[in-house]
Every structure is written in C-alpha cells, then in structure tokens.
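J.: Predicted model and sequence below, questions to follow.
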2 protein chains.
Amino acid sequence: MSVFLDACFKRPVAHTPVWIMRQAGRYLPQYRAVREKVKFLELCKTPELAAEVTRQPVDILGVDAAILFSDILVVPEAMGMELILDDRGPQFPEPLRSSADVGKLLVPDPSEKLRFVADTIRLLRKDLRVPLIGFCGAPWTLAAYMIEGKTSRSFEKAKAALLGDESLADALLSKITDALIAYLNLQLEAGAQALQIFDSWAGALGPDDYARLGAPYVKRLISGLKRQSQPVIVFGVETGELLGQLAQTGADVVGVDWRVSLDEARKRTGPSVALQGNLDPAALFLPEDKLRPRVARVLEQAKAAGPGHIFNLGHGILPGTPVANVQALVRQVHGD
Amino acid sequence: MSVFLDACFKRPVAHTPVWIMRQAGRYLPQYRAVREKVKFLELCKTPELAAEVTRQPVDILGVDAAILFSDILVVPEAMGMELILDDRGPQFPEPLRSSADVGKLLVPDPSEKLRFVADTIRLLRKDLRVPLIGFCGAPWTLAAYMIEGKTSRSFEKAKAALLGDESLADALLSKITDALIAYLNLQLEAGAQALQIFDSWAGALGPDDYARLGAPYVKRLISGLKRQSQPVIVFGVETGELLGQLAQTGADVVGVDWRVSLDEARKRTGPSVALQGNLDPAALFLPEDKLRPRVARVLEQAKAAGPGHIFNLGHGILPGTPVANVQALVRQVHGD
C-alpha cells in the first residue's frame, strides 16, 4: 500500500503524496558530505553510495517516494559517447555531427553497461520503506544533448539537424528509444516500482515539432515497457502547449511545471492521467508564512483538477534551498 | 503610411509587415565590423554608431521597421548601478540587497543621463525610411536583473526578495516604472514612432505572481506615456499563460514566443490587440526548402487569428544565423 502509487492511478488516498525532483542533491548537507569523497559520475556508478544518497531524503524530509540517484546522460555514455560531468555542466566532447556518427552508436546491453543502476535498485529494495522511482531522459532530450554536446539555451544545432533531415532524426531517435526500452526494462526487473521519463527540453520545441520529434518516441518507449503495475510519469518544463500530447503518450501521470495551474493543466490533459506538481522551486526560499499559502494554493488547484495528484515542485529543487522549508512543505502536504 | 504601423492598429495592409528582434546584431558581418572598433556599451552611447547599426538591417534585410540599437540595462545604470557588459553577459557587480539599496536608486532625468538615446533617435529620424521602434525593459525584468546581478535561470533571489516583501517590491517596481515613463517619453519626444516593452523574464513568473509583480507595472508604465499615435508592443518569452494579462496592459500589440501558435494566442489575448511573432529562431538554420513551409505556417496561423499581424521571430535572432535565410524570410512574408 502506498499513497504515491495509489495517486498515480487516481485511486483514493488518505493524504496527498509528495516527493521532490532532485530531492537527493546538493541542497542537503548529508549529500554534500558524500560528494566530497567522490565525483558525480563515480557516485552514480557506485551502488552503495548511490543507494545511500537515494535514501537520504526519505529520512530527512519524510517524502512518499524515493527516486534513484543517477543521471539521464549515462545512457548516451553507454551508447558509446564520452561523457564529462563537472562544474561546467555535462559535456560530450565529441557531439554527433553526421549520420555516420549516429550509425556508430550502440544499442547497449544495459545489464552489462548499466549494471550499476540495476545493482543500486536491488540494494535499495532491500530496505527502502517507500516506493522507488526509476528514470531516464526522453529520446528528444537525450538527442538534443548528444548533438549540442552540452546544455543549450536555443538548441539550434539539434533542431537544424533533426528538423532538417527526417531520416537522420528517425534513425537517431529510434536508436535512443530502443536503448531506453532495454534500460527501463532492466530497472523494472531490478525492482523499480515506478518510472519517470524526463523530457527536460520538451519545451524548446513548438507543438508541431514536438509532435514529430518528441511525443511519438515517448509513446513508443512506454509501449515497449514490460510493466506489471508500475506507473509511468512523464515530465518536462515549459510544456504548457504540450500537455495534451504528453497525456496521450500512454503515461499514467503528467508532470506540470509551475507556469500552468493544475486546474488549467487538467483542461489540456483530459481526465485520463494523474497530475504531478507544481510549486515554483523558488518559493522554497520564502519564509514559512509566505510559503504556506503557496503550498495551499497548489493543493486547492489540484483539488479543482480532480482525483490523482502527486505534490512536487514544478522543476528540480534549487541548490541553496533551506532544508527546513522543504520539511515544512512535506508536513503541510501531509496535513500534519 | 507604413504597413508596420497600420498592422499595429489592425488596419488593412497590402502585405504582412516584418521585422526581427535583435535584427541589428552579431549575425551581421556589417555589425561585427563596427563592433571591432568599440565595446558594446560604448556603441550604445555613441549616437552616430548606434544609428549606423540600427540602419543596417533595413538595407540588408528589407524589413519594415527599425529598432533602436541599445540595451535595456542602460536604465538601471542611469539609476545609479554600475553595469558591466562583456562576454560573460551583463553584470551588476553590486546587485540590490536591501531596501536601503532601493532607497538609494535615482529616478534620473533621462534628458541628461540617457541623452545619447534621444540623440540617436533624432539622427535616425533624419533619413530612416521605415518607422523607428524605441524600447525599454519592463519593470519586473529590470528588477530581476538588478537583484540577481546577472542573468539567472531560476531567479530565486529576485523572487524571494519581491515575493517575500510586498512593500520592498512596490517601492522598487514603482521607482523603475517612474524612470521608464520618463525614459520612454524622452524617446517619443525625440521621434520614436513605436515602442516595445521587453518583459524578457515574464515567463519566469507563474500567472499569480505575474499579476502581482509584472502586469500592473507594465500597465502603469503604458498609461504614463505621452503618445500621439505611437503604438506600444509588449513582449516576453514563455508567456503562454500570461497572454491574457499582457493584452490587458493597454498595449496595442502583444508579442508571442514560438511555443504558442498565433491562433491559440488569439484565444488568450482576445480581439483587442494585434499579434507579433512567432517563428522559432532556430528555424533560420534550416535550408530554404525546410524554412519556407514553416514561414507559411506562421502566416496561416496568423490569418486564422484575424487582422493585426506583424511577422517576427518568437525570440531574438541567434548568433550564427545565415543572413541569406533572413533575407529569404523577408521576401516570403512580403509575398515577393
């Protein structure tokens, strides 16, 4: 029994469940203590440590779900691209430049190349007292990183490559989708109890382009999963105009950023999915008397949107967020 | 007679007018040649040179309006803040930290401190053959820069300061608004034939917060203008949920980013305003056979949205954009 899983399927719950995107991360002193000893990518690939930081927010915050500590870019790395993660953000020193580059990408056997993820999940399932969410990046978002070579504001290289050459686009996005299907199925076999697909850069595409490069591959990814009863959540930022498409991917839950109120989001998704979100992450920097009414407002808008709400932020928690405010948020959502 | 001004007021036009945000800028070799000789801020403050780069795209691209070459941050500088503009982007080394800092800000006499802008406008009006658009940043966007000290992705300092202290917020935003009223009135007196208010960071605020920190001050700014018949355009990015508020500010034209189709935007603005936009700037990196149908689609959606369309990009033109593609875009919009 889990309020989180129940809410994902729009079943009645005693209280609204809550978890926080990037809840294991550098706003927590306990996380920083672990990170002092290892680099980010080493942390992802060391199951004992990845499991430790995955557990931290469950104890510290009292959230209703844990999310695997990892990074969406381990998949392109397993596909054969060199990945550097440092203070400048993620970088692929040799980004994709041609269809020959796309041809060279592997669809890896994740039980070899991404085994550390399965091992982390198995370790966590021994003692974790809340459901464990596995995750991956969506095909468009990973393709955009692999072409740009790093975070971009405008993604002109990725858009020019993928909108300018339909067969290249389909070859790349299909290959990534195949890799992700195997990767998420490995997570499910290892014990992941829910999955979130991060289409972080979805909002860089207008609705017509997302209908070509984004949604179809998310849909194919979800339909390739060997699920028992594990829900799938799909999330991106700046997706106000894409919520209808996201709701039609086969996902059980659509994450909503803070720009769209949940009752308005409901009009765009239709009634079939649960909604996740959507407090502005910056609100956690406000004093508690200013934070409380904002949390209450999200809960009200969720109520107006109808059954099926998982409380979360509208984007990842920000570095420097006061932990006490996150704890207060969780207590308030729980009605404590 | 100007197709641009006519379209701003939803009057019939022989063809759709077009101009490009950041049309004077580093994608143009002729601009880069001028910039080799002077720093960015010096260029803004040297009327002959600012007028020269303002004129360039009119000749090179054949656009239907010119926009003053300047920067929105010259106003905070005139209010007393040290401004550095270099390759790292704009910075205020001493960002606002307290209500005492806000108290120290000046409401400058723009005819002294921002005289270079009026001089540039007067120079341009001698020989410019298309209407000249003046501009400023919106109060919220300027306040966000002045508190963050630089571009931010999440604006937690600005939001914490302004959402956490209502009287501080009103004091700062009112002071900026007063400075902007005087500044835009100076531009009108000098000969600006239209004005654009850039609320670049509007989309960082959810709708409730924009209704407190954003729209009311844009409205007050517009109502303080001594206009004859010069239209006002208001524009921001990621404003899908804010279009209704923007249409209620008293602006004649609402700029739309590329995420929302113009026919959908029309449902949110209502019929009173003209619409400006909204090709994805990244589309200009596509070959002409892929670009053409995208331009045609924007024109179709604009037609569906009803009278009053100024063609533009959905955000500023990107560095590296091929000039020939921009020229082809202008010809296509003109029906040549």
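T.: Now that the structure is in, tell me what you want to look at. Numbers count the residues shown, from 1 in each chain, chains lettered A, B, ... in the order given.
J.: all helices of the stretch 151-300 of chain A, in order?
T.: Here the stretch 151-300 of chain A has its helices, by DSSP state H, counting those that start in this stretch, at A:156-164, A:166-190, A:207-209, A:215-223, A:243-247, A:262-269, A:288-305.
J.: In contact with the nearest residue to A:Gly214 once chain neighbours are set aside, which residues?
T.: In this structure, A:Gly214 finds its nearest non-sequential neighbour in A:Trp140, 4.5 Å apart by C-beta to C-beta, 6 or more residues apart in numbering or on different chains. Glycine gets a C-beta too; all of them are placed from N, C-alpha and C. Residues near A:Trp140 by C-beta atoms under 8 Å, 6 or more residues apart in numbering or on different chains: A:173, A:199, A:201-202, A:205, A:210, A:213-214, A:217.
J.: hmm, 7 Å instead?
T.: A:173, A:199, A:201-202, A:213-214, A:217 (C-beta atoms under 7 Å, 6 or more residues apart in numbering or on different chains).
J.: ok, now A:Pro110?
T.: With C-beta under 7 Å, 6+ apart, A:Pro110 has these contacts: A:78, A:182-183, A:186.
J.: Pop out the phi and psi values for it.
T.: phi -70, psi -20 (degrees, to the nearest 10).
J.: Tell me how far it lies from chain B.
T.: 31 Å (C-beta to the nearest C-beta, to the nearest Å).
J.: Give me the local confidence score for that residue.
T.: If you check A:Pro110, the pLDDT there is 96.
J.: Tell me the first helix or strand C-terminal of the helix or strand harbouring A:Leu85.
T.: Assigned by DSSP states H and E, A:Leu85 belongs to strand A:84-86. Going down the chain from strand A:84-86, the next helix or strand is strand A:89-91, by DSSP H and E.
J.: could you point out which element follows that next one?
T.: Remark: after strand A:89-91, the chain's next helix or strand is helix A:99-104, criterion DSSP H and E.
J.: Outside of that following helix itself, list whatever touches it.
T.: A:80, A:96, A:168, A:171-172, A:175.
J.: Now with 10 Å, please.
T.: Contact partners of helix A:99-104, identified using C-beta atoms under 10 Å, 6 or more residues apart in numbering or on different chains, comprise A:79-81, A:94-96, A:98, A:143, A:146-147, A:161, A:165, A:167-169, A:171-176.
J.: Kindly report the same for stretch A:26-42.
T.: Contacts of stretch A:26-42 (C-beta under 10 Å, 6+ apart): A:20, A:23-25, A:43-46, A:49-50, A:52-53, A:55-57, A:59-61, A:69-71, A:73-74, A:77, A:83-87, A:90, A:284, A:316-323, A:326.
J.: what about burial for the residues you listed, which qualify?
T.: With burial judged by 16 or more other C-beta atoms under 10 Å in any protein chain shown, the buried subset of the contacts of stretch A:26-42 is A:20, A:23-25, A:43-46, A:49-50, A:52-53, A:55-57, A:60-61, A:69-71, A:73-74, A:77, A:83, A:85, A:90, A:284, A:316-318, A:321, A:323, A:326.
J.: among the contacts of A:Pro110, who's most crowded?
T.: Among these, A:Tyr183 has the most neighbours (other C-beta atoms under 10 Å in any protein chain shown), with 25 neighbours.
J.: Run through the residues that contact it.
T.: Taking C-beta under 10 Å, 6+ apart as the test, what A:Tyr183 contacts is A:74-75, A:78, A:107-108, A:110-111, A:113-114, A:117-118, A:134-136, A:221.
J.: Among those residues, which ones are in strands?
T.: Of the contacts of A:Tyr183, the ones assigned to strands by DSSP state E are A:134-136.
J.: hmm, the strand holding A:Leu85 in reach of chain B?
T.: No - Strand A:84-86 does not reach chain B (C-beta under 10 Å from any C-beta of the partner chain); its nearest approach is 17.9 Å.
J.: what packs against that strand?
T.: Contacts defined by 3 or more C-beta pairs under 10 Å, 6 or more residues apart in numbering or on different chains; DSSP states H and E place strand A:84-86 against helix A:40-44, helix A:74-78, strand A:89-91.
J.: need these in JSON lines with mean pLDDT, can you?
T.: As requested, those are exported to JSON lines (pLDDT from 0 to 100):
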{"stretch": "helix A:40-44", "mean pLDDT": "96"}
{"stretch": "helix A:74-78", "mean pLDDT": "98"}
{"stretch": "strand A:89-91", "mean pLDDT": "92"}
